[in-house]
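Coordinates for the following, if possible.
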Amino acid sequence: MPILDPRQLIPFLEDLEDDLKRPQFALQEAAEESRRSQDALAEESGRILALIHGAIGDARHALQEAAGATGDAESAFAEAGSALQEGLRVVNDARSALALAQQAEHRWTHHLAEARQWLARAQGELRDAQAWLGRAQSAAAAAQNQVSHASAQLSQCQSNVTYDQQGRAQYPNCGWAQSALANAQSALAQAQQEVASARNAVQRAEAECDQAEARVHLCLGRVAQAQQAVNDAHAAIQTGERAVNAARRAESAARTAVADANEARTAAERALATADGGMAAAQDGVRLAEEAAMQVAIGERAFEEVTELVRGARNAIGDRVDALRDFDRQGERL
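Here you go, the predicted model:
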């Protein structure tokens, strides 16, 4: 059996040392790559976690705003409903006022027609009384002339005194003149009574005309007031109807706003739930990153142990190689 030359082991040991270096370098590179991956995972998990924190804050803020908008929209809807009811009440009241005003206008128009008829009658009676007074005054004037004429005739008759041969006064018979005067005075008294009656009739007719005119003026004023009330009621109805239409539009807009606000709140709630789910997933990612970091730490410790073993093996092989080379150099000197 041939004896193996120890110098033949030097290349073998050098190759073995190189083989030991390669897994050490591979383990070192794997450890560094694992560390980089863990750092990247931790950084990405932190970034995602920060983003989700921001998303949760935004979602909660949006939810608060949506809830506030819902409350505002519901308040606006309630106010629009109240305004609508108030507008309908105003319209109903205005229509009731219009009916009353139209009734008053009709009633006072009828009273005005009656007052005008009364005034026309009173004016006719006044004209008749004035004509009667004129006739009575003319008759009284004529009767006064008759009294004056009869009185003059009586005076003339009484002045015709004659004397007889004895110088005795002979007075005329003036009975006819006295009768004429008495008749004329009686006619004058009747004419004066007629004048007084006609004057009273004129006064009564004038008073009735005044009353009829006052009634006409009163009715005219009441008719004008009723017409103004009718116009005001029409205007109030138009205003109330515009208010009702505006309130209905506001109510419709508020209803839409409530629906939109509820939809926004639902979307915000979904966003918040999604963000909460993302937070849970991110926290799981952080947990996995922490577990990976633990595994990397374990791997690093294993790498350090393997490196130490490889280093020891390499040192031992190096020592063997150095010993063989010394042996080789000693053999050459021999």
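
all contacts plus neighbour counts: C-alpha atoms, from now on.
Will do.

So what's the residue count around residue 168?
10 (other C-alpha atoms under 10 Å).

Hmm, I typed the wrong one, I wanted residue 142.
16.

how much space between it and residue 186?
12 Å (C-alpha to C-alpha, to the nearest Å).

Equivalent analysis for residue 85, please.
86 Å.

Over to residue 68?
109 Å.

ranges for the strands of this structure?
In the chain, the segments counted as strands under DSSP state E are 162-163, 169-170.

Include mean pLDDT and distance to residue 125 when you put those into CSV, please.
Output for these, formatted as CSV (pLDDT from 0 to 100; distance: least, C-alpha to C-alpha, whole Å):
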stretch, mean pLDDT, distance to residue 125
strand 162-163, 84, 58
strand 169-170, 82, 58
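
Make a markdown table out of those strands and add distance to residue 209 and mean neighbour count.
Listed next are the strands of the chain as a markdown table, based on distance: least, C-alpha to C-alpha, whole Å; neighbours: other C-alpha atoms under 10 Å:
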| stretch | distance to residue 209 | mean neighbour count |
| --- | --- | --- |
| strand 162-163 | 63 | 10 |
| strand 169-170 | 63 | 11 |
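
okay if I get those strands as TSV plus distance to residue 260?
Converted to TSV, the strands of the chain look like this (distance: least, C-alpha to C-alpha, whole Å):
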stretch	distance to residue 260
strand 162-163	138
strand 169-170	138
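
Low-confidence ranges, the stretch 1-150 of the chain, go.
For the stretch 1-150 of the chain, the stretches with pLDDT under 70 are 1-28, 30-31, 34, 37-38, 41-42, 45.

same thing but at 50, please
1-4 (pLDDT under 50).

In the protein, where's the longest helix?
Scanning the chain for the helix with the most residues, using DSSP state H, yields helix 175-333.

What mean pLDDT does that helix get?
Helix 175-333 carries an average pLDDT of 83.

elements contacting that helix?
helix 9-159 (3 or more C-alpha pairs under 8 Å, 6 or more residues apart in numbering; DSSP states H and E).

So which other helices or strands are in contact with the helix it packs on?
Looks like helix 9-159 contacts helix 175-333 (3+ C-alpha pairs under 8 Å, 6+ apart).

by how many degrees do the helix it packs on and helix 9-159 diverge?
170 degrees (axes from the mean of the first three to the mean of the last three C-alpha atoms, to 10 degrees).

Excluding chain neighbours, what is closest to residue 201?
Among residues not flanking residue 201 along the chain, residue 129 sits closest, at 5.5 Å (C-alpha to C-alpha, 6 or more residues apart in numbering).

ok, now which ones touch residue 174?
154, 157, 158 (C-alpha atoms under 8 Å, 6 or more residues apart in numbering).
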